[in-house]
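Novice: Mind folding the following:
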Amino acid sequence: MSNTEALPLLEPETAATVAPCCPPLTERPLTAEEAERTATMFKALGDPVRLRLFSLIASHAGGEACVCDISDVGVSQPTVSHHLKKLKDAGLLTSERRGTWVYYRVEPSVVAAMGQMLRTFG
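Specialist: Down below sits the predicted model:
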């Protein structure tokens, strides 16, 4: 007989609960707050290691990856953690600790809003 208990799964945040970063650039000028928030996101993606980590997470099954699966990007583990924190602080990733590992997930509504903002130039 086991003493383990199944825990309920948490529902991921929906697009309705996360505010988009910004309107399309051709819709109207950005407010100072929108420009600051958007610049923070793009600055976070401006580093090659962070862009690679973001890509690894985004392309992982379900848009979620364990830090144990994405640590081989040519830098030390503390540096990987630093870059993941920067992406999380910029609002591009969310994380959840499961046992001893941390799982990172792309924040889809923010990424979609950033894509929409840039799509108008294509």
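
Novice: When you work out contacts or count neighbours from here on, use the C-alpha atoms and nothing else.
Specialist: Noted.

Novice: could you list every residue that touches the spatially closest residue to Val111 that is not a sequence neighbour?
Specialist: Nearest non-adjacent residue to Val111, counting by Cα to Cα, 6 or more residues apart in numbering: Leu92, 7.0 Å away. Contact analysis of Leu92 by Cα atoms under 8 Å, 6 or more residues apart in numbering lists Met41, Val106, Glu107, Val110, Val111.

Novice: buried residues in the helix or strand containing the fourth one?
Specialist: Translated: Val110. If you go by DSSP states H and E, Val110 is part of helix 108-119. By neighbour count on 16 or more other Cα atoms under 10 Å, the buried set for helix 108-119 is Pro108, Ser109, Val110, Val111, Ala113, Met114, Met117.

Novice: same question, stretch 61-80
Specialist: Buried residues in stretch 61-80 (16+ other Cα under 10 Å): Gly63, Glu64, Ala65, Cys66, Val67, Ile70, Ser71, Val80.

Novice: Repeat that for stretch 79-95.
Specialist: So stretch 79-95, judged by 16+ other Cα under 10 Å, has buried residues 80, 83-88, 90-95.

Novice: With adjacent residues omitted, what lies nearest to the residue most central in space within the chain?
Specialist: Central residue of the chain (Cα atoms, centre = their mean): Leu93, 2.1 Å from the mean position. What sits nearest to Leu93 in space, not counting adjacent residues and going by Cα to Cα, 6+ apart, is Val106, at 4.6 Å.

Novice: So what's the gap between the helix or strand of the chain with the lowest mean pLDDT and the chain middle?
Specialist: One helix or strand of the chain scores below all others by mean pLDDT, DSSP states H and E: helix 108-119, with a mean of 77. Chain-centre distance of helix 108-119: 12 Å, with Cα atoms, centre = their mean, to the nearest Å.
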